[in-house]
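1. Any chance you can model this:
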Amino acid sequence: MEKMLLKRVDIPNANDIDVALKHGAYGALSAAFGMRPVDVVNEVKRATLRGRGGAGFPTGLKWELCARVPGSLKYLLCNADEGEPGTIKDRFILHQDPHLLIEGMVISGYAIGAERGYIYLRYEYPKAIGILEKAIEQAYAKGYLGKNILGKGVNFDLSVHRGAGAYICGEETALIESLEGKRGQPRIRPPFPASQGAWRKPTVINNVETLSNIPFIIGMGGDAYAKIGAETAPGPKIYGVSGHVNKPGVYELPMGTTLREIIYTHCGGIKGGKKLKAVIPGGASTPILTESHLDVKMDFNSLVAAGSMLGSGAVMVMDETVDMVNVAYVLVRFFAHESCGKCTPCREGTAWLYQVYTRLMHGEGKEGDIDLLLYICETVKGKCFCPLGEGAIQPVLSSIKHFRADYEARIKSGVVSH
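-> All right, here's what the predicted structure looks like:
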């Protein structure tokens with residue numbers, strides 16, 4: 001497949017608007033403005049674009065729900081919080097091709113009737129904020145943002161809001177709370193953001209990769225886009241691969257490319273000719289898979305059928321030397337630290353898991369600790385206010401399911417990790 005989302009990232013200075021314009025930036029705006037907003041929404045629905053942030057909610061349906069809500073004041077929010085461990089895909093677009101994102105946001109705002117947009121950027125991306133603010137300034141100067149864009153009577157203002165470093169703000173309602181200047185904690189739903197979001201006004205929240213698909217859907221048409229990759233979730237997908245592979249990096253491939261092809265064809269296989277032991281297919285909150293799952297297609301439905309999730313598309317590869325107890329410990333430590341504390345099952349459950357793993361890592365594991373970990377996961381499962389707690393137990397459950405022997409050996413030997 002020819003690159004779409006990443007086609008400009010290797011062009012020197014592509015984050016400068018003059019360079020981006022020479023390579024097709026903002027080319028879809030005129031076409032979009034020549035359509036009625038409802039037709040833009042329908043084109044995205046025909047494309048069957050599903051959100052690339054993890055949940056995979058149909059983008060066109062989300063837009064339609066917001067567009068139908070009466071009232072003139074609506075908001076479009078770009079979730080650029082990208083805080084899932086192992087996830088690096090959106091950063092490439094933010095750094096190398098911010099005008100693709102801006103163009104996607106202008107079209108999206110036009111489609112849903114929003115004249116105000118925000119890019120909610122994670123605190124840990126200091127380089128990106130300067131690049132984005134410069135790109136936005138350039139877009140205003142060229143007439144692609146502001147009032148009466150391209151003389152078509154379309155208005156759209158855009159700015160960057162920098163988060164304070166909380167992983168929970170990647171959850172859309174916590175993001176809204178943070179944007180409004182409140183503590184970053186999730187809201188109860190319903191009402192959903194499409195009807196009552198930012199400042200209780202209708203709001204659409206999409207992540208960087210999702211919004212960056214929009215210019216291509218308008219440019220090529222939803223029907224043509226729908227023929228790329230997996231039938232149930234078509235289009236290109238950015239996979240960020242890290243760990244024990246010869247060529248780690250960010251790869252744009254058709255949705256549904258197999259895990260085997262990603263690891264052994266595009267990433268050159270496992271370092272040092274070692275055997276594959278485990279793969280986390282979609283970021284830290286997705287269940288761990290094994291060598292037996294290599295032929296799974298990397299799309300939403302196929303990964304759920306295999307017992308995991310696509311998540312953010314962050315593929316973390318581990319060879320035969322890796323201790324899976326240590327992997328679970330590192331991930332549990334992260335989730336315990338990032339729990340916002342709003343609900344008891346997540347706040348206490350993640351802390352309890354961390355305590356047990358700390359014992360295991362110090363060679364103080366006890367008979368029955370495996371069952372205790374499973375019991376804690378059961379007290380968390382399905383009982384949390386938002387998906388953070390559910391995500392926190394996935395590395396525990398899946399590592400015990402597939403690599404119980406690693407736990408038994410650690411408890412028996414009393415090995416201390418450093």
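
2. So residue 158 is in contact with residue 119, correct?
-> Yes. The pair formed by residue 158 and residue 119 meets the contact definition of C-beta atoms under 8 Å, at 7.1 Å. From N, CA and C alone the C-beta is placed, and that goes for glycine too.

3. what touches both of those two?
-> Taking C-beta atoms under 8 Å, 6 or more residues apart in numbering as the criterion, residue 158 and residue 119 both touch residue 105.

4. okay, these two: which has more neighbours?
-> Between residue 158 and residue 119, counted using other C-beta atoms under 10 Å, the more crowded position is residue 119 (26 against 23).

5. what packs against whichever strand or helix holds the more buried one?
-> Per DSSP states H and E, residue 119 falls inside strand 116-121. Using 3 or more C-beta pairs under 8 Å, 6 or more residues apart in numbering; DSSP states H and E as the contact criterion, the neighbours of strand 116-121 among helices and strands are strand 75-80, helix 98-112, helix 126-141, strand 154-162, helix 172-179.

6. Follow the chain on from the third one and name the next helix or strand.
-> Same thing as helix 126-141. The element immediately downstream of helix 126-141 (helix or strand, assigned by DSSP H and E) is strand 146-149.

7. in that next one, what counts as buried?
-> For strand 146-149, the neighbour count (16 or more other C-beta atoms under 10 Å) marks residue 149 as buried.

8. so what secondary structure elements neighbour it?
-> Packing contacts for strand 146-149, counted by 3+ C-beta pairs under 8 Å, 6+ apart, involve strand 154-162.

9. Can you tell me the strand partners of the strand it packs on and which way each runs?
-> According to DSSP bridges, strand 154-162 has the following sheet partners: strand 116-121 (parallel), strand 146-149 (antiparallel).

10. Now do the one helix or strand residue 400 maps to against helix 172-179: the angle between them, please.
-> Mapping residue 400 onto the secondary structure by DSSP H and E places it in helix 387-413. Relative orientation of helix 387-413 with respect to helix 172-179: 110 degrees, computed using axes from the mean of the first three to the mean of the last three C-alpha atoms, to 10 degrees.

11. for helix 387-413, packing partners?
-> Contacting helix 387-413 under the criterion 3+ C-beta pairs under 8 Å, 6+ apart are the following elements: strand 276-280, strand 289-290, helix 324-338, helix 344-361, helix 369-380.

12. Tell me the pLDDT of residue 131.
-> Per-residue pLDDT puts residue 131 at 98.

13. let me redo that: residue 46
-> We note a pLDDT of 97 for residue 46 in this prediction.

14. Equivalent analysis for residue 416, please.
-> You'll see residue 416 listed with a pLDDT of 71.

15. Format the helices and strands packed on strand 116-121 as TSV; extra columns: distance to residue 362.
-> Formatted as TSV, the helices and strands packed on strand 116-121 follow (distance: least, C-beta to C-beta, whole Å):
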stretch	distance to residue 362
strand 75-80	38
helix 98-112	45
helix 126-141	35
strand 154-162	38
helix 172-179	33
